[in-house]
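Student: Here is a sequence together with a model predicted from it:
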Amino acid sequence: MNGRPLNDLPLNDRSAKTLAAVLFDMDGTLVDTEVLWWETAEEIAAGLGYALTGADAPEVVGRAVADTAAHLVRVARAGDAAELAKALTDRFFRRVEAGAPMRPGAQRLLTALESEGVPFALVSASPRVVVDSVVGGSLAHVPFAFTLSADDTVLTKPHPDPYRAAAARLGAAPRTCVAVEDSPDGAASAEAAGCGLLVVPSLLPVPPSPLRTFALSLTEVTPDTLRACLTAPPGA
């Protein structure tokens, strides 16, 4: 495991910092949708006469729809980016509507945060229609403070805008919030925004950095270990 594993966090840090909020990524973090997204992109690419490979993964996994559409136009040398983005969204939506199971440990962690009164929100690079489908389905029982989609900020991940906007909406400084992510772009977004960061990789490896804490699964994570991911105490 690259980066700082949970077990390396100083024990005396686990209750010393105030956790204002937890900001969860959706696809691949709370729900098993990254595979559905890859299958969707694979299908669209095949229609252009192009076969996706692992080399394409960094431009597909964890990326916004527009980014993946633009990549397919480049590599296939065919298609219209706007039309491909619509096709990607429509087909991904249909797959998500059929069911998107929660990731292992997600429910336990959400329940623990709720019992401690720690607010949490959803910060996704998926379009609003997909976010609403998942939140109205697999995550319908989860009391998110709010959900933020790719349509809600001018720039989405890997830019810091989504996490900065989420922290501002909660009235919290980014450094007092912890983001939970699974992809390189999501991790880059949260880190650039100044959030504490826990990475639970799914389909793609995530590069290590001194500010990134890694876990193999959400089953390892508790509210106290999220507190230990904060980069600085309030007021620092």
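Tutor: Sure thing, it's come through. Numbers count the residues shown, from 1 in each chain.

Student: Show me what counts as buried in the top helix by length along the chain.
Tutor: Longest helix of the chain, by residue count under DSSP state H: helix 81-97. Using 16 or more other C-beta atoms under 10 Å as the test for burial, helix 81-97 gives 81, 84-85, 87-89, 91-93, 95-96. (C-beta placed from N, C-alpha, C; glycine too.)

Student: likewise stretch 17-29?
Tutor: Applying 16+ other C-beta under 10 Å to stretch 17-29 flags 17, 19-29 as buried.

Student: can you check stretch 124-138 too?
Tutor: 124-127, 130-131, 133-135, 138.

Student: Return the residues in contact with the residue nearest to residue 88 when sequence neighbours are not counted.
Tutor: Of all residues not flanking residue 88 in the chain, residue 65 sits nearest, at 5.2 Å (C-beta to C-beta, 6 or more residues apart in numbering). Residue 65 is in contact with 85, 88-89, 92, 126-127, 150, counting by C-beta atoms under 8 Å, 6 or more residues apart in numbering.

Student: Distance to residue 166 added to the residues you listed, as a markdown table?
Tutor: Formatted as a markdown table, the contacts of residue 65 follow (distance: C-beta to C-beta, whole Å):
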| residue | distance to residue 166 |
| --- | --- |
| 85 | 24 |
| 88 | 24 |
| 89 | 22 |
| 92 | 22 |
| 126 | 15 |
| 127 | 17 |
| 150 | 13 |
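
Student: Report the separation between residue 69 and residue 105.
Tutor: 32 Å (C-beta to C-beta, to the nearest Å).
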